[in-house]
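[1] Fold the following.
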Amino acid sequence: MRQTAGRHDGARCLKVFVSQKRPSRALDAPAPAFLTLPASDIRIPIDVEALPPLLPRGGVLPSGAPGADLNAVKADRQGAPWGSYGYLMRHRFDGRTYLVGSGHVLAGGPEPQVGDRLMISDGTGNGRPAARLVAWTTPVPSEAGYPNTVDAALAEIVRPEAAARLTGRLPTGVSGDIRSGMHLHLTGAASGRQRTMVVCERATLAVDADVPGLGRRRVGFRDQALCRAVTRPGDSGGSLLNDRGRAVGLHGWGNRDGADEGRSDISVFTPIAPVLDTFAKHHDLDLLTDMDVITMPLDRPPVDDLDDAIDLVARTLYGEARREPAETRFAIAEVVYNRAIKRSPRFGLSVEAVCRQPDQFSCWNPGDPNRGRTLSISLKDPEIADCVTIARDLVAGRVGGLTLGADHFHHRRVSPYYSREHAPCAQIGNYVFFNDIP
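    From the prediction side, this is the model:
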């Protein structure tokens with residue numbers, strides 16, 4: 001929207017941002033007042049606005065080390081900047097929870113690696129481990145042109161308290177509606193909640209950024225949005241929600257700590273759709289909203305021997321559900337976890353004991369046709385590879401909430417005595433699951 005004397009006058013325009021406005025007489029080719037579309041009489045107003053250079057909003061908070069109650073996150077490396085929580089996403093099948101934040105914060109530095117530790121604020125200078133880096137977008141440097149659209153990173157949360165930081169700030173959904181003049185709320189930011197207003201719906205811009213392996217370079221971005229607010233160092237990665245609480249964008253850059261010399265205070269955010277699309281399909285993730293329940297185990301299950309536990313769980317999943325969809329194996333792994341975590345003599349006092357308990361998992365029963373293959377297959381066989389991965393996650397306490405706490409299950413074509421008069425809490429593949437059998 002066009003500004004006149006510092007206020008919007010209701011007219012839409014093409015806006016050109018410059019580092020400094022100068023009188024027309026001092027310019028060889030000043031911006032015209034209107035752009036006339038070819039072969040038409042339509043004239044689009046052009047508005048010129050000055051703003052300071054845009055900078056990444058990662059950094060040390062003004063108060064130094066962020067407090068334990070702030071939504072601050074950083075990479076576990078010397079000199080890494082603090083940033084803000086963005087959004088939470090959950091794996092569609094295994095229930096693991098992920099944090100989506102700013103790429104120049106979570107994957108900043110010369111050589112980011114998959115598995116890098118990420119820290120959340122705890123009132124100390126370095127924080128405590130909370131997540132591990134999974135994926136990120138690498139900016140493409142460009143002396144001219146604007147090839148980039150997203151600066152974001154994805155990290156798997158490994159400590160439940162990290163996810164709990166955002167449970168009161170989850171969006172109600174996703175919106176692609178971004179209009180000049182609409183109000184937004186910056187949430188999940190280290191400096192606190194702020195209200196802002198969109199001033200440009202789609203912008204092309206360039207920032208100076210650290211590119212892994214190349215150092216400080218010019219990086220051009222297209223399809224960004226600009227809002228009227230000054231964010232503080234440490235706010236990169238904050239989430240932007242509209243008045244209905246729907247996710248609109250991911251905050252990335254801003255001016256210095258205030259406008260000066262008559263220049264505007266502007267912040268930049270990436271619309272949420274391309275951010276989610278960057279990770280959702282490849283990693284089977286969905287955005288967590290306030291209607292979802294975050295279900296992350298708070299404890300690791302008891303094991304007697306780690307290698308033996310992984311071996312037994314992998315073979316159990318293979319024997320029970322090797323011809324089933326992947327989510328069925330995740331669900332059966334939850335049953336093993338839920339039984340082991342009870343530490344009950346009835347189910348078994350460890351993961352291994354749960355798998356070995358007589359007459360509980362049919363693939364281990366004498367005479368079962370699957371028993372021979374279950375015992376003989378090598379864990380290096382590609383056919384069992386995903387079962388091994390699930391088993392490793394289970395013994396680490398990383399299971400999801402597919403079955404709502406089920407500790408019993410059976411094939412849908414049978415009707416064992418123990419499930420009669422009980423309603424299943426989930427049906428996944430060809431199996432039904434129960435969480436209310438005494």
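[2] Tell me which stretches of the stretch 101-250 of the chain form strands.
    Remark: strands assigned in the stretch 101-250 of the chain by DSSP state E, counting those that start in this stretch are 117-120, 128-136, 152-157, 173-174, 183-187, 194-211, 215-227, 239-242, 246-254.
[3] what's the closest of the ones you listed to residue 398?
    Between residue 398 and the strands of the stretch 101-250 of the chain, the shortest separation by CB to CB is 8.2 Å, and it involves strand 152-157. C-beta: built from backbone N, CA, C; applies to glycine.
[4] Tell me which other helices or strands the closest one touches.
    strand 97-102, helix 103-106, strand 128-136, helix 272-283 (3 or more CB pairs under 8 Å, 6 or more residues apart in numbering; DSSP states H and E).
[5] any idea where the strands of the stretch 251-400 of the chain begin and end?
    Using DSSP E, counting those that start in this stretch, the strands found in the stretch 251-400 of the chain span residues 267-271, 285-287.
[6] Now render the helices and strands packed on strand 152-157 as JSON lines, adding distance to residue 419.
    Listed next are these as JSON lines, based on distance: least, CB to CB, whole Å:
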{"stretch": "strand 97-102", "distance to residue 419": "30"}
{"stretch": "helix 103-106", "distance to residue 419": "45"}
{"stretch": "strand 128-136", "distance to residue 419": "38"}
{"stretch": "helix 272-283", "distance to residue 419": "34"}
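[7] can you redo the ones you listed as JSON lines with mean neighbour count?
    Listed next are the helices and strands packed on strand 152-157 as JSON lines, based on neighbours: other CB atoms under 10 Å:
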{"stretch": "strand 97-102", "mean neighbour count": "27"}
{"stretch": "helix 103-106", "mean neighbour count": "30"}
{"stretch": "strand 128-136", "mean neighbour count": "20"}
{"stretch": "helix 272-283", "mean neighbour count": "18"}
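[8] To residue 174, which of those lies closest?
    That would be helix 272-283 among the helices and strands packed on strand 152-157, by CB to CB, at 5.9 Å.
[9] What's the mean pLDDT across that closest one?
    Averaging pLDDT along helix 272-283 gives 90.
[10] could I get the strands of the stretch 101-250 of the chain as JSON lines with distance to residue 411?
    Converted to JSON lines, those look like this (distance: least, CB to CB, whole Å):
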{"stretch": "strand 117-120", "distance to residue 411": "41"}
{"stretch": "strand 128-136", "distance to residue 411": "35"}
{"stretch": "strand 152-157", "distance to residue 411": "32"}
{"stretch": "strand 173-174", "distance to residue 411": "37"}
{"stretch": "strand 183-187", "distance to residue 411": "45"}
{"stretch": "strand 194-211", "distance to residue 411": "53"}
{"stretch": "strand 215-227", "distance to residue 411": "49"}
{"stretch": "strand 239-242", "distance to residue 411": "43"}
{"stretch": "strand 246-254", "distance to residue 411": "40"}
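[11] picking up where we left off before, mind giving me CSV with the strands of the stretch 251-400 of the chain and columns for distance to residue 121?
    As requested, those are exported to CSV (distance: least, CB to CB, whole Å):
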stretch, distance to residue 121
strand 267-271, 22
strand 285-287, 23
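[12] Pick the most deeply packed of those.
    Highest mean neighbour count among the strands of the stretch 251-400 of the chain (mean count of other CB atoms under 10 Å): strand 267-271, with a mean of 25.
[13] could you say what helices and strands that strand packs with?
    Using 3+ CB pairs under 8 Å, 6+ apart, strand 267-271 sits against strand 194-211, strand 215-227, strand 246-254.
[14] and that strand, how far from the chain's centre?
    Relative to the chain's own centre, strand 267-271 is displaced by 16 Å; criterion: CA atoms, centre = their mean, to the nearest Å.
[15] quick one: contacts of it?
    Contacts to strand 267-271, defined as CB atoms under 8 Å, 6 or more residues apart in numbering, come from residues 54, 57, 149-152, 176, 178, 186, 196, 203, 205, 221, 223-231, 240, 248-255.
[16] Please pick the buried ones from these.
    Buried members of the contacts of strand 267-271, scored by 16 or more other CB atoms under 10 Å, are 54, 57, 149-152, 178, 186, 196, 203, 205, 221, 223-231, 240, 248-255.
[17] returning to that earlier point: is it possible to export the helices and strands packed on strand 267-271 to TSV including distance to residue 273 and mean pLDDT?
    Shown next, in TSV, are these (distance: least, CB to CB, whole Å; pLDDT from 0 to 100):
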stretch	distance to residue 273	mean pLDDT
strand 194-211	13	86
strand 215-227	10	91
strand 246-254	9	91
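[18] and the residue most central in space within the chain, bridged to which residues?
    Most central in the chain under CA atoms, centre = their mean is residue 100, positioned 2.6 Å from the mean C-alpha point. The partner list for residue 100 in beta bridges (DSSP bridges) reads residue 87, residue 154.
[19] surely it meets residue 154?
    Yes: if you go by CB atoms under 8 Å, residue 100 and residue 154 touch, sitting 5.8 Å apart.
[20] what is in contact with these two at once?
    Here residue 100 and residue 154 have 89, 279 as joint contacts, going by CB under 8 Å, 6+ apart.
[21] tell me the helices in the stretch 301-438 of the chain, going along the chain?
    306-321, 326-342, 351-356, 371-376, 385-395 (DSSP state H, counting those that start in this stretch).
[22] Who are the packing partners of the second one?
    Going back to what we said before, that points to helix 326-342. Checking 3+ CB pairs under 8 Å, 6+ apart, helix 326-342 ends up next to helix 306-321, helix 351-356, helix 385-395, strand 408-411, strand 426-428, strand 431-434.
[23] ok so, going back, between the helices and strands packed on strand 152-157, which one is nearest to residue 391?
    Of all the helices and strands packed on strand 152-157, it is strand 128-136 that lies closest to residue 391, at 18.6 Å by CB to CB.
[24] hang on, the earlier thing: and the helices of the stretch 301-438 of the chain: which comes nearest residue 42?
    Across those, residue 42 has its closest neighbour in helix 326-342 (53.3 Å, CB to CB).
[25] What mean pLDDT does the closest one get?
    Helix 326-342 comes out at a mean pLDDT of 91.
[26] relative orientation of it and helix 306-321 in degrees?
    130 degrees (axes from the mean of the first three to the mean of the last three CA atoms, to 10 degrees).
[27] Render the CA-only coordinates of helix 326-342 in CSV, please.
    The C-alpha coordinates for helix 326-342 follow below in CSV (Å, rounded to 0.1, in the frame of the first residue of the first chain):
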residue,chain,number,x,y,z
ALA,A,326,5.3,-49.1,7.6
GLU,A,327,3.0,-47.4,10.0
THR,A,328,1.9,-50.9,11.3
ARG,A,329,5.4,-51.7,12.3
PHE,A,330,5.6,-48.3,14.1
ALA,A,331,2.4,-49.1,15.9
ILE,A,332,3.6,-52.5,17.1
ALA,A,333,6.8,-50.9,18.3
GLU,A,334,4.6,-48.6,20.4
VAL,A,335,3.0,-51.7,22.0
VAL,A,336,6.5,-53.1,22.9
TYR,A,337,7.4,-49.7,24.3
ASN,A,338,4.2,-49.3,26.3
ARG,A,339,4.6,-52.7,27.8
ALA,A,340,8.2,-52.3,28.7
ILE,A,341,7.7,-48.9,30.2
LYS,A,342,5.3,-50.4,32.7
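[28] Brilliant, that's me finished.
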